[in-house]
Structures are given as C-alpha cells and as structure tokens.
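Peer 1: Take this sequence and fold it.
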Amino acid sequence: MKKDIHPKYIRSQASCACGATFDVGSTRENVKVEICSQCHPFFTGKQKLVDSAGRIDRFKKKYAGFDASKLV
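Peer 2: Numbering: from 1, shown residues only. From the prediction side, this is the model:
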C-alpha cells in the first residue's frame, strides 16, 4: 500500500438538524446530517401512513368485469 495517500481517520462530532449530536469516525472533523435515528419517523414511531385507497378503488373499478376463467 502506498504511504501518505490516505486521509486521516479521526473521531468526529456529527450533528443533526434536529439538534442531536453523536460521535462518529470520519475523515472530516465535523459532520452535519439532515436526519438521524433520534428524529427519523421509522425509529420514532411517528410514521405517516400513505392513503392508497384511491389507487385500490381505481384498480377494482378497472378490473371489476374481468373474468379469469375466460382466459383458459
């Protein structure tokens, strides 16, 4: 491996847009992220459920008269 071509790997501070900070290993001194495990909906349990009833209704309406037995 060549010498002096790799960046230094250091312990640095990561800060989230929500205000949470935590220690990480990085080649940069300060890391800024937009979302972390403290504020991500998957980890907080505050997921927004997507209402897909419109898609389901359109599908059922489109294939309401479809008879699969006629294909065979």
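
Peer 1: longest helix of the protein?
Peer 2: Here the longest helix in the chain is taken by residue count, with DSSP state H as the criterion, and it is helix 53-62.

Peer 1: Just the CA atoms of that helix, as CSV, please.
Peer 2: The C-alpha coordinates for helix 53-62 follow below in CSV (Å, rounded to 0.1, in the frame of the first residue of the first chain):
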residue,chain,number,x,y,z
ALA,A,53,-57.4,3.9,-1.1
GLY,A,54,-57.7,5.9,-4.3
ARG,A,55,-55.3,3.5,-6.2
ILE,A,56,-57.1,0.5,-4.8
ASP,A,57,-60.5,1.8,-5.9
ARG,A,58,-59.3,2.6,-9.4
PHE,A,59,-57.8,-0.9,-9.7
LYS,A,60,-61.0,-2.6,-8.5
LYS,A,61,-63.1,-0.4,-10.9
LYS,A,62,-60.8,-1.1,-13.8
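
Peer 1: how far does that helix sit from the chain's center?
Peer 2: Once both centres are worked out by CA atoms, centre = their mean, to the nearest Å, helix 53-62 turns out to sit 27 Å from its chain's centre.

Peer 1: Just name whatever secondary elements the helix-or-strand element of the chain with minimal mean pLDDT is in contact with.
Peer 2: The least trusted helix or strand in the chain, going by mean pLDDT, DSSP states H and E, turns out to be helix 41-44, with a mean of 75. For helix 41-44, there is no helix or strand it packs on, judged by 3 or more CB pairs under 8 Å, 6 or more residues apart in numbering; DSSP states H and E. Heads up, the C-betas are built off the backbone N, CA and C, glycines and all.

Peer 1: residues of it that come out buried?
Peer 2: Neighbour counts over helix 41-44 (16 or more other CB atoms under 10 Å) mark no residue as buried.
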